[in-house]
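Chemist: task: produce atomic coordinates for the following.
(2 chains)
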Amino acid sequence: MLRSRPGRDARTRWRRTPVGAPTIVLSVLLVGVAVSLPGQEVTLTVATTEYTADWNPISASTYPAQLVTRLVTESLFEKTCEGGGSSETQPLFANVCSAASGVEAGALRLRFDPQRCPGIGVSDVAYTLEQIRGLRRNEYNLYNLALSGEVLEVGRPRQPDEWVAKTAFCFPLLRRPGSPAPSEVGRLFETKMTTGTENLYNRVTNGPFKVEKISSDFVNLSRRTGTNATDRRVDRVSVQYYPLFRTLQDTMDGMNPPDVVLSWPLRWEVGSRPYQPRKPEDLGSFTYVGFNFKVSEPASQQLLQLRRFRELFTKSLWATRTVQQQVGGKDGGEVGAGIFLGESFDSGSPAVVDRPEEAQLRVAVRSFLQDEALGQGVRLRVLVAPGLESILDRSDRANLEEDLNSLWQPEGVKGIRFEMLDPVGGPNRFMADRQSGRYPLILDTFIHRGNHLAYMAFLQPGNELNDLGVSEKVVKGFSRAEVGRMMEAGPKGVVEFLGLVEREYPVAVIGEFPTRDLVSNRLKTPGCGPGAQPMPFAGFETWEKVAGDRPK
Amino acid sequence: MTGRSEGRPPGLPSRRWLGRRGVAPLAAAFLAMVLAASIVVISPDAHAAWLWEALQRTARSLAQATIALVLFLLLVGCLIAVLKAMYAGCGGLGPRFGTAAGLLLAVIVGLNSAPIVVYVQALRSLERELGDSIPAALPLWFLHGASVVVALLAANAMIYYFFGGFVSTLLQESRKLYVASARFKGSTLPGYLAERGQMYLLGILGPLLVYLLSFTVFTDLGLKGAFGADETGIVQTLFQSSREEGMSDRFVVFLLVLMSIVLLIWAGLDVASTALERRFREGRRPTRRPEKGGTACAAG
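Modeler: Next comes the predicted model:
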């Protein structure tokens, strides 16, 4: 009997046993996968319900876009804390690129910190200002910044204090692209930042993070360079858009809750997960019914130009059940959902008026209607902004309509009928409807981010932010020059402006429906002094994720 | 006389692999893709990366719809097995078959009666309740994908609609003379009806896929963030984009890419359907022998 050679036997066994080539390949693959698992990287997830079509860093189109800009770009200063005053250990402002911290009379001599912002220069600041000025409807323009040699100045208000000046200098810094510069980099403000613009975005920015992938419903960022941070530092940031509030609420209670939730309404419950609320000034807003002076219908136009009508309408709005219930008690205090503002625009302003009694208003409205003797019954349609659906729901809007009609249609007199139009499309459709001149009244929210200049610009004739068409022709005292003078006059100008609003009622301000950012307790973030709270994403380089989630 | 069609029975599909019905969607798909590429090239605001993003999102939604479709077909297979077991073996389909089919339809109606959002919400509640107790060995993407497929399958009486059509087609066909006479030709009734059933199923694959694809808008909206899922599919992207931005270049490019891919699949299914029909019509039928385990019925 022939005996096979031992070597041959061994090879045969090698082929026949399961420990063959496929097993080795599989093992190598598994080891490779294990080594390449993203266990070392820490991803921070940010959830928002605000849709962003354009992530352009200088247009500040939405709150999520502002946050992405904050992480991707540099700035001269960074606001770190607010409220409660500053302390020596936690200043209100921290230097980022600026080496000089002293600002005198709204002017800053530009000197840069080469460690934090290598290679940046005055020409980059000049390029940034060119781009900001190119986009007229831009809130960075409110301060009228100007560069004279190496000195950066605030033009509005004139000679502001250091706090206002540094706030104005917190704009995002862009890097001037070297030659040859493509046309879209030269006129960056005209470029819509969406999928396909990642390289362009990273070319003009040099912040701690860079854009990896950008789309209308998400943005993924990754750390641009390594730092001395610990292993728990945040390496990647993923900003996710949620079309429905309810879905985000479910996700917050689910297996993989987001680390940060942006602008979550105060009236919505947080759920079972531990989140720490933060309410920065950047979320400051007011909800109003605007008199659309651009309305095409002559009867409505004449009515809106009557100061007496604007006053009575504003007061009757304040007397409705919805406003009474949804935006706080009669003392204007915060009761659950919102804060009653009156003409004050700003919850920080003390000028909050008492709301009138309904019985007194009935008499006044009847008297107005009898005096005016409106021929046919007038119908005023109220266009409701899509963003208000989650704040004032369908029953709230129905109650508001019913209460207004009850006041303005007294027996025996031809009255005015109000009709609330539910939002049917997104913001673009709303803006088109608003500009069409078909709707005399607009129910919307204006986000002023705690900036007095923003709500003054909202009512300044000729300003890009003046969507309602307020002018001296339709509202007495509101000329471009006069409002401009008040904007430049600082705090005195604000008081003067609020006095003018209280006299003329150019817009019926209802109140503020506060929102806040929710930051997960799993995150370790830098604190502030007593009574103060950190600004969103302040000192982001030092953020740490204390406990990780289940891996994806 | 044209040589090609000579000798071909009337109504028999052409031998060409791509019939006349298949050319139209293929041409439309090509045109849609060319239009999308043209917009990307011509429009100063458009980017080539849109095409890739649209393809990725389409692939994601199509993968979900396809998995749901495969599961649906498996389910139909199980139901057919139940119906076959109820078949008496000789003659017509009989009362046992009718009762079983009726009961199955009633059960399916019961399971499918609620709108898709109800199932989506139920899955979200399940995620909340189970939470961390779900074994860590199960990857989140798998859990999310399974939720999507379950919600799609349960969508708005879909299974009832197609399965009901399937059963009624078989019932109608079973009354026809050539089927009723099967046992006199040494075959069985299921053997004849199998051809008709396969044709019916192949015919509905295209509409069924589009139906499932369109329903991904609900699963994307309702299951966003469930089990850590970030990305959304093409239909939800189109819905959101049209709502927020109107008829933008991006919307049109995404729509055209979706159209071209769906039309390509449609054309492929049409080709398969035509080929199968031809195979049956030419007489190369899969089986006419008595089924294994079945009873051969004697003539007379």
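Chemist: now A:K476. Its backbone dihedrals?
Modeler: phi -60, psi 140 (degrees, to the nearest 10).
Chemist: for chain B, see how far away the residue lying closest to it once chain neighbours are set aside is.
Modeler: Leaving aside its sequence neighbours, A:K476 sits nearest to A:E504 (C-beta to C-beta, 6 or more residues apart in numbering or on different chains; 5.9 Å). In this view, the C-beta of every residue, glycine as well, is placed from N, C-alpha and C. As judged by C-beta to the nearest C-beta, to the nearest Å, A:E504 and chain B stand 35 Å apart.
Chemist: just A:W408 next, same as before
Modeler: 33 Å.
Chemist: with A:S238 instead?
Modeler: Separation of A:S238 from chain B (C-beta to the nearest C-beta) stands at 7 Å.
Chemist: residue contacts, the residue nearest to A:K476?
Modeler: By C-beta atoms under 8 Å, 6 or more residues apart in numbering or on different chains, the contact list for A:E504 reads A:307, A:310, A:475-478.
Chemist: 6 Å instead, please
Modeler: A:E504 makes contact with A:475-477, according to C-beta atoms under 6 Å, 6 or more residues apart in numbering or on different chains.
Chemist: compare those residues and tell me which has the most neighbours.
Modeler: A:V475 (25 neighbours; other C-beta atoms under 10 Å in any protein chain shown).
Chemist: that one touches A:V507, doesn't it?
Modeler: No - using C-beta atoms under 6 Å, A:V475 is not in contact with A:V507; the gap is 9.3 Å.
Chemist: write out the residues of the stretch 51-200 of chain A neighbouring chain B.
Modeler: Taking C-beta under 6 Å from any C-beta of the partner chain as the contact definition, the stretch 51-200 of chain A meets chain B at A:51, A:53, A:192, A:195-196.
Chemist: quick check, nearest of these to A:E343?
Modeler: Minimum distance to A:E343 across those is 31.1 Å, recorded for A:Y51 (C-beta to C-beta).
Chemist: which pLDDT value belongs to residue 105?
Modeler: Defaulting to chain A. Note on A:A105: pLDDT of 86.
Chemist: actually, chain B is the one I wanted.
Modeler: 81.
Chemist: again, but for B:G94
Modeler: 68.
Chemist: just the terminal-to-terminal distance for stretch A:108-127.
Modeler: 17 Å (C-alpha to C-alpha, to the nearest Å).
Chemist: what distance separates it from the centre of its chain?
Modeler: How far stretch A:108-127 lies from its chain's middle: 27 Å, per C-alpha atoms, centre = their mean, to the nearest Å.
Chemist: give me the buried positions along it.
Modeler: A:108, A:110, A:112, A:117, A:120, A:124-125, A:127 (16 or more other C-beta atoms under 10 Å in any protein chain shown).
Chemist: contacting residues around it?
Modeler: Contacts of stretch A:108-127 (C-beta under 6 Å, 6+ apart): A:74, A:97, A:99-100, A:147, A:150-152, A:174-176.
Chemist: can you do 8 Å?
Modeler: A:74, A:76, A:95-100, A:102, A:147, A:150-153, A:165, A:169, A:173-176, A:206.
Chemist: sort out for me which of these are in helices.
Modeler: A:A165 (DSSP state H).
Chemist: from the contacts of stretch A:108-127, which would you call buried?
Modeler: Buried members of those, scored by 16+ other C-beta under 10 Å, are A:74, A:76, A:95-98, A:147, A:152-153, A:165, A:169, A:173-176, A:206.
Chemist: let me see the contact set for the closest residue to chain A within the stretch 201-300 of chain B.
Modeler: The nearest approach of the stretch 201-300 of chain B to chain A comes at B:G225, 3.2 Å away (C-beta to the nearest C-beta). When contacts are counted by C-beta under 8 Å, 6+ apart, B:G225 is found next to A:47, A:240, A:242, A:247-248, A:250-251, A:254, A:256, A:258.
Chemist: show me what the helix or strand where B:F72 lies is packed up against.
Modeler: Element membership for B:F72, per DSSP states H and E: helix B:49-86. Packing partners of helix B:49-86 (3 or more C-beta pairs under 8 Å, 6 or more residues apart in numbering or on different chains; DSSP states H and E): helix B:20-42, helix B:94-112, helix B:140-153, helix B:158-174, helix B:189-214, helix B:216-222, helix B:234-245, helix B:249-281.
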